[in-house]
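**Student:** Sequence below, structure please.
(chains A and B)
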Amino acid sequence: MIAALLVAVALAAPPPAAEAAPPEVVPPALTAPLELPDAVPARRDLDVTVLVALTIGVDGAPSDLSVVRSPGEPWSRLALDALSRARFTPATRGGEPVAVRIVAPVPIGPRTTWLGVARREPEAVPTVAAGIRGVVLERGTRRPLAGVPVLLGEDGARETVTDADGRFAFPDLPAGRYRLEVPPFDHEGAVETATVPADVTIRLTANATREYVTRVERTRRAPTDSARIVVPVERAREVPGSSGDPLKVLESLPGVARPAAAGPGAGELAVRGSAPEDTRVYLDGLPLFQLYHFGNIYSVLQDEWIGDIDFRAGGYATEYGDATGGMVDVTLRELAKDGVHGHLDVNVYHVAALVTAPVSDTWTVGAAVRRSWVDSIIGGLLGDDPGFAFTTAPRYYDYQVRADHRPDATTLLKLVALGSDDEVVLLSDRPSADDPGGSGFSLGRSFHQLQGTLELALSPELAASFGLATSYQKLRVSPGDQGFALTFDPVTARADLDWRAAPDLRVRGGVLGEAYRFHIELDLPRPTAEGQVELPTEVREVVTATEDGFGGRADAWVEGSWRADPDLSLVLGARLLSWHGNFSAAAVDARAAAAWTPFDGTRLSLGLGVNHQAPEPQETSESIGNPDLGPERAFYVDLGVAQRLGDVLSVELQGFWKALDDLVVPTASYGGVPYDNAGSGTIVGAELLLRVQSAIFDGWVAYTLSRSRRVDRPGEPERFFSFDQTHVLALVAGVQLGAGFRFGARVRYATGNPYTPLEPAYFDAGADVWVPRAAAAPLSRRSEAFFQLDLRLDKTFVFDVWQLAVYLELNNATNRDNVEFIGWSDDYTRREDVTSLPLTPSLGIRGSF
Amino acid sequence: MRVTQPPPPRSPLALGALALVVGLAAATAACEAEPADVLDTPRILALRADPATLSPGAEHAVTALAFAVTGELRWSLCPVAWAPTDPLSCPTGDAVDLGTGNPLVATLPADLDDLWLRCEDVSGVALPAVKRLTTADDTVNPDVVAFTTPAGSLPASVARATSVDLSPTLTGADPDRVVVSWYVTAGVLEPKRSVGAAAVTFTAPDEPGPVTLLAVARDKGGGVGWLEATIEVDP
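**Tutor:** Numbering: from 1, shown residues only, chains lettered A, B, ... in the order given. This is a model prediction of the structure:
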């Protein structure tokens, strides 16, 4: 929704230069409609106007913006951001431009038209000497409701509106008993009676059919990323099969291959035919080591604090670098300042608790912790098996401690300490049938991270953001008697500026610095080329090494956005990347993008560029890798069209092509360097995203058609990439049933991944294992297609000061045996695959206040 | 069940996922999958060299434990240095043909270090088998000299569908370094592999008749020994 600015200007306190003004003053006017995003922030259901005082200079530029009245900070920021980017024709006095200070109302509303009485601007509450005063709160959440009309008397003769804190008052009432009424609108109505003097609390139940809309775009984000998808978290956590984890929505978005639930690619996001390690994950713009526990069981972040999930399949701004795949940036929601809130969450995986509390007018703190109990379940199931015993069954925990500092509308400081720890140890008291020499395996993965981000609106034209993070990351893998251990301790700092140089020109830029220390211990078989048969370890070269090292990275980026006319925008950007340490190299990323709106509701986009990415740390290690490797490179072209069809339906179609070269691949030479840059690849495809959003029904269809091919080295035949899936389809839908019930369904279909068929070659009588060989070309066959139906029923019980949300999911409702990982019989004469879980119910309960 | 063919994980995170899932798959396999311990097709089960330690230029006896293989067995050698990861790919001219027979006594070349010992079913029915011979001086062939039960020696017969615990009596090598693989022609063995003298449980089939029991003991240094016994399942 693009709301026009109503310049019902009140000339308030004109500047000194105007004191001797001639009689006629022509007020300033907008040169173009005010740009407001398509959504409103956290409080999605409010139809309000923010009053902003600002000075319009003789050049028409706004300055000295300050909020006069607002229902809350999110709306204040929205209005300030929109006005700071606006341009005016200056006010004139006697025909001469003059600077004036005005108070401008900025109407901000949701996309739907509410039935019943809409909210209004919050009004100041007078002091009540003798009368009725009170507060209007939302039932269950205790959040104050601003701008709510309150009627007094049987006929509603007197009326007031709640202020930003939800308070209202009817002063100077004669003694007696009065009827108070709040008409229904986006909440159900309420009627109370009170005897003067009285202090009343009115609790309103939110309508179940209210619409959730998406986020507010942050100023530091690039507005022209054509492949960008921002997911409303409220809907994401209700996706069937997610068990309430909003970050699992990523697997149902266009461009993302269906991640396997088991195997080496379990839970990994292969975006637009790129390898999972080519996609970067950020938290508030700073690198995040680990997004999920154990592949993809559950994310390491508390869903209550996830503000946005910003996913870009490709073609993203040069603000993000060192990646040739996709990008996920999770934004932490600003902590609620209206009181103490929290929840207790129990589902099949874990128990979690969270609490937030304001500690002053500007500081709010919070803490959350989560601990799995799936280990108890698995331990119980396998505990009686005489051969295997979990010393530590799969278990995880994570924590987050936060502090937000919001001294004013222009400054936000977010401090976060977060961490996660995954551990599993499976030991056998006898030799495995698969691996006679092995004795089980263990995995430990943990990280602890401290980070701070500071966002400043330095002036209407200039915003800055800073970020600093340091973490301790540890990974230990021990399959059998072998193992791999890595500790990685990076410090990352970034600083970005966002400058609106002219009404039609926006320039952004920044720098990033990173230094890290690592320690690697390795005792593993030498890697084989993708799709090549991995022989039993008895006959494979084993690499044993220990290495300590330092490294770093220094980047600088800049990007200019020019709005050539109201319907056409152009973006040019570049990023200089430099790596130092074991891997020393430099590269330049470049990007150009254009967006054109030929008709209302139609948007065409074009993007092209080149990205570079460093090899993985172990690949450039001196002892186990090749320090002479160069960065990998990707050229891409994206072409898109988006069409909005009314308020309910939108369709987006994206075509993409990507050429990869200098890919790091294992070498075939025995005893030589283990990697080189001989690989190349081509990816081509198209994505369709159809979204439906109405008050009672919402959902989307995401379909990706793609083909991802690789050539391991020049002269070798082209083959499929192991994560390639020709067709990937996800249908997600939910409907409000009334009475707090919501029903949802998700259908997923995906072409099976390529694999190399095997056949027995010989029996290794020393190792007591069969040894296979390829029965056809590498990755020349595909596993069976994946299909899964997940169902979910939600019910929320709302009480006065807390609420209880319960969901029941039926995962894999058709009980289909999906192939998650190709396996073979001992003698390689037949396939014995790892298949998906059967029909599995999943129950979750959350109490929040 | 084997899970030997993942795409190579490049990132440490992928390695983590690999270890987790492969491990869980192994656990699942241990619970559900049946390794090929039931003998129903021609197979070469083990190769043994006496002495177990490779002595270049010395005479060695090589023996194959073959099940239902009716054809001749042909033996050959290939230097490991020539085929480090694929014993069957020894370049022409580098393989040393030892002849046919089982057992076979041959004098090994004097100028070779580690060798692949290869045994092939001339008829092509059974898969070829290989074994690496090394000059390591700690290799000793274990011997399985008897099967025992809690009641004493192995009974001549058991009732249908009854279970009996079997333990191997080992000599010649440190039992803690020996893994025993068990095979039967009918019935069920649990577990399929054991360490040292640890017992396994044999459950007789429902069908009466003779059942062949095989135990192959492998020392971690490369030594091998085996014992075959027949037990009658009563009607």
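**Student:** Tell me which residue lies nearest the centroid of chain B.
**Tutor:** The structure's chain B has its C-alpha centroid closest to residue B:46; by CA atoms, centre = their mean the separation is 4.2 Å.
**Student:** I'd like to know how far the closest residue to it other than its chain neighbours sits from residue B:53.
**Tutor:** By the measure of CB to CB, 6 or more residues apart in numbering or on different chains, the closest residue to residue B:46 outside its immediate chain neighbours is residue B:65, 4.2 Å from it. Heads up, the C-betas are built off the backbone N, CA and C, glycines and all. Distance, residue B:65 to residue B:53, by CB to CB, to the nearest Å: 20 Å.
**Student:** Likewise for residue B:195?
**Tutor:** Applying CB to CB, the value for residue B:195 to residue B:53 is 23 Å.
**Student:** Who has more neighbours out of those two?
**Tutor:** Applying other CB atoms under 10 Å in any protein chain shown to residue B:195 and residue B:53 shows that residue B:53 carries more neighbours, namely 20 against 16.
**Student:** I'd say the more buried one and residue B:141 touch.
**Tutor:** No - the pair residue B:53 and residue B:141 does not pass the contact test of CB atoms under 8 Å, sitting 9.4 Å apart.
**Student:** So which residues of the chain form helices?
**Tutor:** Since you didn't name a chain, this refers to chain A. The residue ranges that make up the helices of chain A, judged by DSSP state H, are A:73-85, A:233-236, A:374-382.
**Student:** Wait, chain B was what I had in mind.
**Tutor:** The residue ranges that make up the helices of chain B, judged by DSSP H, are B:12-32.
**Student:** Domains in it, by residue range?
**Tutor:** Chain B breaks down into these domains under automatic domain parsing: B:43-133, B:143-233.
**Student:** and the longest strand for chain A?
**Tutor:** Secondary structure of chain A per DSSP state E: the longest strand is strand A:542-565.
**Student:** Residue B:94 contacts residue B:82, correct?
**Tutor:** Yes - A contact is recorded between residue B:94 and residue B:82 when judged using CB under 8 Å, the distance being 5.0 Å.
**Student:** what's the spacing between the residue nearest to the spatial centre of chain A and chain B?
**Tutor:** Geometric centre of chain A, nearest residue: residue A:309, 1.7 Å, by CA atoms, centre = their mean. Computed with CB to the nearest CB, to the nearest Å, the distance linking residue A:309 and chain B is 19 Å.
**Student:** One more: residue A:651?
**Tutor:** Here residue A:651 is placed at a distance of 34 Å from chain B (CB to the nearest CB).
**Student:** try residue A:198
**Tutor:** Distance, residue A:198 to chain B, using CB to the nearest CB: 60 Å.
**Student:** could you list every residue that touches that residue?
**Tutor:** Contacts for residue A:198 (CB atoms under 8 Å, 6 or more residues apart in numbering or on different chains) come out as A:132, A:133, A:134.
**Student:** Compute the distance between residue B:215 and residue B:146, please.
**Tutor:** Relative to residue B:146, and taking CB to CB, residue B:215 is found at 10 Å.
**Student:** I'd like to know which helix or strand in chain B has the lowest mean pLDDT.
**Tutor:** helix B:12-32 (a mean of 42; mean pLDDT, DSSP states H and E).
**Student:** Oh, that last question was meant for chain A, not what I typed.
**Tutor:** None of the helices or strands of chain A scores lower by mean pLDDT, DSSP H and E than strand A:10-11, at a mean of 32.
**Student:** Quick check: which ranges of the stretch 201-350 of chain A have low pLDDT?
**Tutor:** Scanning the stretch 201-350 of chain A for pLDDT under 70 picks out the ranges A:207-232, A:263-265, A:295.
**Student:** can you list residues touching both of residue B:215 and residue B:146?
**Tutor:** Here residue B:215 and residue B:146 share the contacting residues B:168, B:227, scored by CB under 8 Å, 6+ apart.
**Student:** of the two, who's got more company?
**Tutor:** Counting neighbours by other CB under 10 Å for residue B:215 and for residue B:146 shows that residue B:215 has the greater number, 22 against 14.
**Student:** With neighbour count and pLDDT added, can I get the contacts of residue A:198 in JSON lines?
**Tutor:** Listed next are these as JSON lines, based on neighbours: other CB atoms under 10 Å in any protein chain shown; pLDDT from 0 to 100:
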{"residue": "A:132", "neighbour count": "23", "pLDDT": "90"}
{"residue": "A:133", "neighbour count": "18", "pLDDT": "89"}
{"residue": "A:134", "neighbour count": "22", "pLDDT": "91"}
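**Student:** Reformat those as CSV; add distance to chain B.
**Tutor:** Formatted as CSV, the entries for the contacts of residue A:198 read as follows, by distance: CB to the nearest CB, whole Å:
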residue, distance to chain B
A:132, 60
A:133, 57
A:134, 54
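**Student:** returning to what we had before: the more surrounded of residue B:94 and residue B:82?
**Tutor:** Legend: neighbour count by other CB under 10 Å for residue B:94 and residue B:82, higher for residue B:82 (16 against 13).
**Student:** per-residue pLDDT, the more buried one?
**Tutor:** With respect to pLDDT, residue B:82 scores 73.
**Student:** Can you name the residues that contact it?
**Tutor:** Contacts for residue B:82 (CB under 8 Å, 6+ apart) come out as B:90, B:91, B:94.
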